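Asks: Here's my sequence, what's the structure:
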Amino acid sequence: MNKYLVFVIVILIFALTGTLGYFIFQNQKLIKTLSSPSASPSAMTESKSQASPTSTPKTSPQPSPQDIRANIEAAVNSKNFAAIGTYTTTPKVNFSIMSSGCCEPKTPDEVVAQMDYIKDGIPMDFDQNNPKIVHIKAKKPEFANAFIGVSKSGEQVAIFVIDANNKISAIQLSLSYTFYDF
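Replies: I've put the predicted structure just below:
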C-alpha cells in the first residue's frame, strides 16, 4: 500500500509541475503578444552613438485602433484583465454593468477588479460581424463604433468604447446579450 501512495504522489507532482509550466509558457506568450517589440541592445547602442547631443527624444508611436482591439481581445480571452487597465483613460473610466444601475466612473485598477463579472463567459467572440454584436449595435446606437465581444459558450457581453486617442474610455459588461433587445 505504501508503494502505491508514493507512486500517486510522484504522479501528482509531475502533473502539477507540467500544469505550472504550461501556465508560465502561456503567460510569457501573452506578454510577448501584448508588449511592443523592443530594440536589440546592439541596435540601441548604435542609435545612441549616432544621435547628436541636441537631438530630441522620440516618443513611441501611438498604437493603432486595430492593435488596441487585438490587445483587448487577447487580454479578455486569456483572463489577463490587468492588461485592460493599461489601455484605459486615466484617471477614470466610464463603467457600467447592464441592467444593474451600477456604476460610477472607476479607476483603471477598479475596472480590472470588475472584469471578473464576465469571466464565466470566456472565451469571447470579437468578430464585429457576429449577428449578436450587429444586433446590439443596431439596438444601442451609442455602441455603433464600440468594440464588442460576446461569449462563445454563454450570453455574457463586454463592450469597449475606444476614444480618439486609442484608449478605452468606457466599458459596459452584461450577463446576457438579450438585455439589449428593448
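
Asks: Give me the residue ranges of the chain where confidence is low.
Replies: 1, 23, 25-61, 182 (pLDDT under 70).

Asks: hmm, try it at 90
Replies: Residue ranges of the chain with pLDDT under 90: 1-67, 85-93, 97-114, 116-117, 164-165, 178-182.

Asks: just the strands in it please.
Replies: Secondary structure of the chain (DSSP state E): strands located at 94-97, 124-125, 147-151, 157-162, 168-174.

Asks: Tell me how far the spatially most central residue of the chain lies from residue 118.
Replies: Centroid-nearest residue in the chain: residue 75, 2.5 Å away (criterion: Cα atoms, centre = their mean). To residue 118, residue 75 is 12 Å away according to Cβ to Cβ, to the nearest Å. From N, CA and C alone the C-beta is placed, and that goes for glycine too.

Asks: before we move on, what about residue 143?
Replies: Using Cβ to Cβ, we find residue 143 at a distance of 16 Å from residue 118.

Asks: re the thing from before, rebuild the strands of the chain as JSON lines, extending it with mean neighbour count and distance to residue 71.
Replies: Listed next are those as JSON lines, based on neighbours: other Cβ atoms under 10 Å; distance: least, Cβ to Cβ, whole Å:
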{"stretch": "strand 94-97", "mean neighbour count": "18", "distance to residue 71": "19"}
{"stretch": "strand 124-125", "mean neighbour count": "19", "distance to residue 71": "14"}
{"stretch": "strand 147-151", "mean neighbour count": "23", "distance to residue 71": "11"}
{"stretch": "strand 157-162", "mean neighbour count": "22", "distance to residue 71": "11"}
{"stretch": "strand 168-174", "mean neighbour count": "21", "distance to residue 71": "10"}
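
Asks: I am finished for the moment; much appreciated.
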